[in-house]
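J.: Quick one: sequence plus predicted model below, questions after.
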Amino acid sequence: MKRGLRLAGLAVMIGATAASIYLIARSWRGQDLSAYATPAAAGGIALALVFYVVGVMVSALAWRQLLLGMDTRNSWTELCGIVSSTQIGKYLPGNVAHHLGRGALSMGRGIGAVPLVTTGLAEVALLALASVTVGGIALMLSGRLGVLGGLGDLGIVGLVILAAVLALIGLAILRHAGPLLISRFAPRLAGRPEIATLPGAGPIIRAFTLYSLVYLIFGAGIVLMSRMLLPGVEQDGWLLLAAFSLAWIIGFATPGAPGGIGVREAVMLLLLSEAYAPADASAAVLAIRVATTLGDVALLPLGWWQLRVTRPQ
């Protein structure tokens, strides 16, 4: 059974990889990438790529905290392999290949359906909460609130608090109503021990902290890249962090946008317009997409290697 799941996950990954590479190449068709071939620009993109890969690995550590809260004890290296090798599947519409590949690989590694689904939902809620929290705070620190139409500091604080409250309500419902829903709609699963061990407050807080750190790591890489890409332009690091963090959740929530392509770029351009000339903002935004896309491609062989060294005996 586990061997079949592992083979199914591998098949999904291979198919998703081929389709994703095709879609990525098609989306880049007509783009002038020659400006990114200079040593400084290439070095900046490579640096952002490294920070991106590190951030993805930290996200696997956050997932491990949630799984530990459900008494599921896979190693961090193994979870890194699952997350890294399925990242590229998100470029297919709806993230279907990403979720199918991650699910098949996870179940092949002994992660049950209940902890897989439960931690997956918790992960989405916590990533969204971390995105709004980090992005909102960074936007306040940048002092560039004009792009939000004069919403003001109190308005930003209100939005962050509202997002936090909604996310916490969702997590509370998941924790307390989850067993009841499973008993009602999936009675065959109700007797399993993991049903009674949904992630508690401790694992959720630790995971949220780590997901927030992920955005900070991504942001640090973007700031360093922008300084190398645009050496004559004054950089606003807080605004760059805010633009990426807030654009991530908007792109994620937009249906039919593989990997948030187009949507995230539009949001980042809007936010960066407060401090950057259009040409400079466009150069930075496209470089971010290049770095994250190449990062997802680089994560694929890294994930395969991590899965290989942790292969069940």
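T.: Sure, I can see it.
J.: Distance check, Gly295 against Val56.
T.: Gly295 sits at a distance of 7 Å from Val56 (criterion: C-beta to C-beta, to the nearest Å). All C-beta atoms are positioned from the backbone trio N, CA, C, and that covers glycine.
J.: who has more neighbours, those two?
T.: Neighbours around Gly295 and Val56, counted as other C-beta atoms under 10 Å, are more numerous at Gly295. The numbers are 25 against 22.
J.: Report whether the expected contact of that one with Val53 is present.
T.: Yes. The pair formed by Gly295 and Val53 meets the contact definition of C-beta atoms under 8 Å, at 5.5 Å.
J.: What is the burial count for Arg227?
T.: Other residues near Arg227 number 17, with proximity taken as other C-beta under 10 Å.
J.: ok, now Ile88?
T.: Other residues near Ile88 come to 28 when the count uses other C-beta under 10 Å.
J.: shift numbering so it begins at 20
T.: Sounds good: first residue 20 from here, last item Ile107.
J.: so it sits right up against Leu319, yeah?
T.: Yes. If you go by C-beta under 8 Å, Ile107 and Leu319 touch, sitting 5.5 Å apart.
J.: Quick check: which ranges of the stretch 220-332 of the chain have low pLDDT?
T.: 270-281, 331-332 (pLDDT under 70).
J.: what are the ranges of the helices in it?
T.: Shown for the stretch 220-332 of the chain, the helices assigned by DSSP state H, counting those that start in this stretch span residues 220-248, 256-272, 282-291, 297-328.
J.: Burial-wise, tell me which of these comes out on top.
T.: Taking mean count of other C-beta atoms under 10 Å as the contact definition, the stretch among the helices of the stretch 220-332 of the chain with the greatest mean neighbour count is helix 256-272, which reaches a mean of 23.
J.: That one packs against which elements?
T.: helix 132-161, helix 220-248, helix 282-291 (3 or more C-beta pairs under 8 Å, 6 or more residues apart in numbering; DSSP states H and E).
J.: Would you mind giving those as TSV with distance to Leu119 added?
T.: Written out in TSV, the entries for these read as follows (distance: least, C-beta to C-beta, whole Å):
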stretch	distance to Leu119
helix 132-161	12
helix 220-248	23
helix 282-291	22
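J.: for those, which one sits closest to Thr96?
T.: Taking C-beta to C-beta as the criterion, Thr96 comes closest to helix 220-248 out of those, the separation being 16.2 Å.
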